[in-house]
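**Q** any chance you could fold what I've pasted below:
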Amino acid sequence: MRIGLDARLLAYRTGGISTYIAQLLRALAELDSGHDFVAFKSRKAKQSPAPAGMRCATLWTPCHHRFERTALSAELARFRLDVLHSPDFIPPRRGARRHIITVHDLTFLHYPQYVTAESRRYYNGQIEAAVRQADHILTDSQASRDDMVTMLGVPEGKITVHRLGIEPRFRPQPPEELARVRQRHALPESYFLFVGTFEPRKNIIGLVDAYGVLRGRQPTAPPLVIAGSRGWLYEETMAHIERAGLGGSALVRENLPTEDLPGLYGNALALITPSFYEGFGLPALEAMACGTLPIVSNRSSLPEVTGDVGALVEPESVDSIAGAMERALLDEPWRTEQRAAGLARAATFRWEDTARTALAAYTRLT
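**A** Okay, here's the model as predicted:
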C-alpha cells in the first residue's frame, strides 16, 4: 500500500501532537512493514520529518487554513494514496481512497473557554464532518474514545485506542547529569514540578494556590518549579503567580531545551499535573520513566496513564492537590515505592506498540 502521513504540523509547533507525529513516523519506519510510506511536510519545514527509508514530499497548503481541506485535496491527488492518516484531527475532503484520523481529545467541546477562538473555529466547525468522513479513527485514550461516542455519536467499532509511547531518553539520570541540569537552569536540589503549556486548561493557578497552602503547613517545603512555554491567556497565569507572593519559592522556567527534560524530571520530588482535561498527558508518563512520582487529576485520560502509581487529585480542590503534595514530601517510603512502580508502568508504554496498532488500522481498510 501507499500510505501518506500528514506531518505539516511539525513546522508550526513542538510537543503534544507534534511529538505524536514524529514518534509515530519513526516507529513505523522501524517496523519495516514493506508498505510505501510518504511523510508530507510543510513548505516551511527546515528539515524532512521522514526517517531513513521513508519518502518525504512537500505540501504548500498551510495548517488550519480556512480552505485547507479543499486545497489539500487538490495537492494530494497526484500521489494516488491508498490510505491517508491525518494525525491532527481534520482530513482533506478527498486525499486518498481511505482516510484515518487521530482525535487526541475533545477539549474544544468540553471546555471551549480553555481554547483560543481560532482553535474553536477550526475544530468545532469541522469535527463532526471529520469523524463522519473518516473510515477509521485512532485516539490516545479510552476517555477520548468515550467522549467521541457520547458527544459525537461515533460508533464504538469505528474507534481504536492506541496509547502513546515513551522515548528511550526518558530514564533515570546519573548524578552528574542531574547536577548539570540544576546548574544550567539555576534550580535547587529538590522541587515540586509542573511541565506544560501556560494556559488555563492546565490549572496552574490552582496548583500555585495549593502550593501556598502547603507552604502554610510545611514552611520548609521545597520550591515549586513551573516549566514550559507560554500559551493562550498565559498573562492571567503569570499575574496570579506574581500576586501569590511566593517570592523565590515559585520558579518559572520557560522554553527549556528538550535534552534537559529527563534531568528536570529526575531532580523533582514529584510532578504535578492538575489539568482540568488532558487527551493523554505525556509529562506524567515521562516523569514516571525518569523515576519521579506523578500527582495528576482524577479526570479525563490521566488516570489511564498513571494507573495505580502516585496520587489522583480533584483539580478544583486546592486542599486535594496540597494534601497529595504534602504526602509526597513527608512519606519517603511511599515515595520510594511509587518510584519503582512508576518505572515499571512506564516501561509498558512503547511507541512500537502505538505504530503497530496504527499499521493494523491502515491494513484493515484495504
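
**Q** which of the helices or strands spans the closest residue in space to Gly53 that isn't next to it in sequence?
**A** Of all residues not flanking Gly53 in the chain, Ala29 sits nearest, at 5.3 Å (Cβ to Cβ, 6 or more residues apart in numbering). To be clear about C-beta, it is placed using only N, CA and C from the backbone, and glycine gets the same treatment. Using DSSP states H and E, Ala29 falls within helix 17-31.

**Q** which secondary structure elements does that helix contact?
**A** strand 2-6, strand 36-42, helix 351-364 (3 or more Cβ pairs under 8 Å, 6 or more residues apart in numbering; DSSP states H and E).

**Q** give me the buried positions along it.
**A** Within helix 17-31, the residues that count as buried by 16 or more other Cβ atoms under 10 Å are 17-29.

**Q** could these go into TSV alongside pLDDT and distance to Gly342?
**A** Shown next, in TSV, are the buried residues of helix 17-31 (pLDDT from 0 to 100; distance: Cβ to Cβ, whole Å):
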residue	pLDDT	distance to Gly342
Ile17	91	25
Ser18	93	25
Thr19	93	20
Tyr20	96	22
Ile21	97	26
Ala22	96	24
Gln23	96	20
Leu24	97	24
Leu25	97	27
Arg26	96	24
Ala27	96	23
Leu28	96	28
Ala29	95	29
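
**Q** and which of those residues is nearest Thr366?
**A** Leu28 (16.1 Å; Cβ to Cβ).

**Q** quick check, that closest one in contact with Asp36.
**A** No - applying Cβ atoms under 8 Å as the test, Leu28 and Asp36 come out as separate, 11.7 Å apart.

**Q** from Leu187, how far off is the residue lying closest to Glu286 once chain neighbours are set aside?
**A** Using Cβ to Cβ, 6+ apart and skipping the chain neighbours, the partner closest in space to Glu286 is Phe170 (4.7 Å). Phe170 sits 18 Å away from Leu187, going by Cβ to Cβ, to the nearest Å.

**Q** do Glu75 as well
**A** 46 Å.

**Q** compare those two (neighbour count), which wins?
**A** Counted by other Cβ atoms under 10 Å, Glu75 and Leu187 do not tie: Leu187 has more neighbours, with 21 against 16.

**Q** show me what contacts that one?
**A** Val181, Val225, Leu251, Arg253, Leu264, Asn267 (Cβ atoms under 8 Å, 6 or more residues apart in numbering).

**Q** the fourth one should be in a helix, yeah?
**A** No - with DSSP: H, G, I helix; E, B strand; the rest coil as the criterion, Arg253 is located in strand rather than a helix.

**Q** that one - how many residues pack around it?
**A** Quick note: Arg253 (other Cβ under 10 Å) scores 16 neighbours.

**Q** nearest residue to it in space, please, no chain neighbours.
**A** Ala227 (4.5 Å).

**Q** what about that neighbour, helix or strand, and which?
**A** Here Ala227 sits within strand 224-230, counting by DSSP H and E.

**Q** was I right about Pro283 contacting Pro274?
**A** No - contact criterion Cβ under 8 Å: Pro283 and Pro274 do not qualify, at 11.6 Å.

**Q** list the buried residues of stretch 30-43.
**A** Neighbour counts over stretch 30-43 (16+ other Cβ under 10 Å) mark Ser33, His35, Phe37, Val38, Ala39, Phe40, Lys41, Ser42 as buried.

**Q** same thing with stretch 52-69?
**A** Neighbour-count burial for stretch 52-69 [16+ other Cβ under 10 Å]: Met54, Cys56, Leu59, Thr61, Pro62, Cys63, Glu68, Arg69.
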